[in-house]
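Chemist: Dropping the sequence and predicted coords here.
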Amino acid sequence: MDDSKLWFYAVVAGVYVLSRLLKKEKKEVAPPAEEKRTGTPRQVKSPAPVSVQPKPVSFEDLMREIIESKRTPSQETVVDYDDMVGEEGRGLEEVTYDHRKESGMFTKYEDAKKEAFNRPSLEETMRIEDTVISFGKFKEFESGAVNNVASGYLKLFTNQDELKKAVVMSEILKPKF
């Protein structure tokens, strides 16, 4: 075994022994002062649990608390604004401006609505002969044949003479060692 490993295990063992000794000291509680004076042993009560979780409050309990807090007599000066909805609903300023009377746009719109029933519909005015049908409008946007290195190699393998040339070139260019 290496010396560094030995020292490591010695340090770990020392830490373990120290932690055990410290735990024992915490468990041993000094006897109370009364026991020392009288000399009679006193019964040691087990300590009460430290962490007591409170009971979760239900929704009904919360609602009851809220309602009770609203009913307290000390809050008689509270104003209930829900009763004054009528006053709040009414606007604070008087609006007498009517944009329909002063704007010519509204009259144009109303006139166009009236004339729409007198005009012929699109179905009545459209003729199939007037429809322009021309094919090939988007040929300029079509993608052409893709020329890349792989397609060039594929062409070489399809031709036997080219394949022979490729094998000879690979033998020439291949390093010896």
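Modeler: Cool, the structure landed.
Chemist: which stretches of this protein have low pLDDT?
Modeler: 1, 26-53, 72-92, 100, 145-146, 177 (pLDDT under 70).
Chemist: for it, what spans make up the helices?
Modeler: For the chain, the helices defined by DSSP state H occupy 3-27, 33-38, 59-70, 85-89, 99-102, 104-115, 122-125, 149-158, 160-173.
Chemist: would you turn those into a markdown table with mean neighbour count?
Modeler: Where you see a C-beta, it was placed from the backbone N, CA and C, and this is true even at glycine. As requested, the helices of the chain are arranged in a markdown table below (neighbours: other CB atoms under 10 Å):
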| stretch | mean neighbour count |
| --- | --- |
| helix 3-27 | 9 |
| helix 33-38 | 10 |
| helix 59-70 | 9 |
| helix 85-89 | 8 |
| helix 99-102 | 8 |
| helix 104-115 | 10 |
| helix 122-125 | 7 |
| helix 149-158 | 10 |
| helix 160-173 | 10 |
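Chemist: Which of those helices sits closest to Phe141?
Modeler: If you check each of those against Phe141 by CB to CB, helix 149-158 wins as the nearest, at 22.1 Å.
Chemist: ok, Leu163 - contacts?
Modeler: By CB atoms under 8 Å, 6 or more residues apart in numbering, the residues touching Leu163 are 156-157.
Chemist: and if we set it to 6 Å?
Modeler: Going by CB atoms under 6 Å, 6 or more residues apart in numbering, Leu163 touches Phe157.
Chemist: any idea how far it lies from Asn148?
Modeler: 19 Å (CB to CB, to the nearest Å).
Chemist: picking that back up, with distance to Phe135 as added columns, please give the helices of the chain in a markdown table.
Modeler: Below are these laid out as a markdown table (distance: least, CB to CB, whole Å):
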| stretch | distance to Phe135 |
| --- | --- |
| helix 3-27 | 85 |
| helix 33-38 | 110 |
| helix 59-70 | 70 |
| helix 85-89 | 64 |
| helix 99-102 | 51 |
| helix 104-115 | 38 |
| helix 122-125 | 25 |
| helix 149-158 | 29 |
| helix 160-173 | 39 |
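Chemist: nearest to Lys137, of these?
Modeler: helix 122-125 (23.6 Å).
Chemist: Using PDB, list the CA coordinates for that closest one.
Modeler: Provided in PDB are the C-alpha atoms of helix 122-125 (Å, rounded to 0.1, in the frame of the first residue of the first chain):
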ATOM      1  CA  LEU A 122     -69.500  39.200 -59.500                       C
ATOM      2  CA  GLU A 123     -71.200  36.000 -60.600                       C
ATOM      3  CA  GLU A 124     -73.400  37.900 -63.000                       C
ATOM      4  CA  THR A 125     -70.600  39.900 -64.500                       C
END
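Chemist: List the contacts of that helix.
Modeler: Here helix 122-125 has no contacts from other residues, using CB under 6 Å, 6+ apart.
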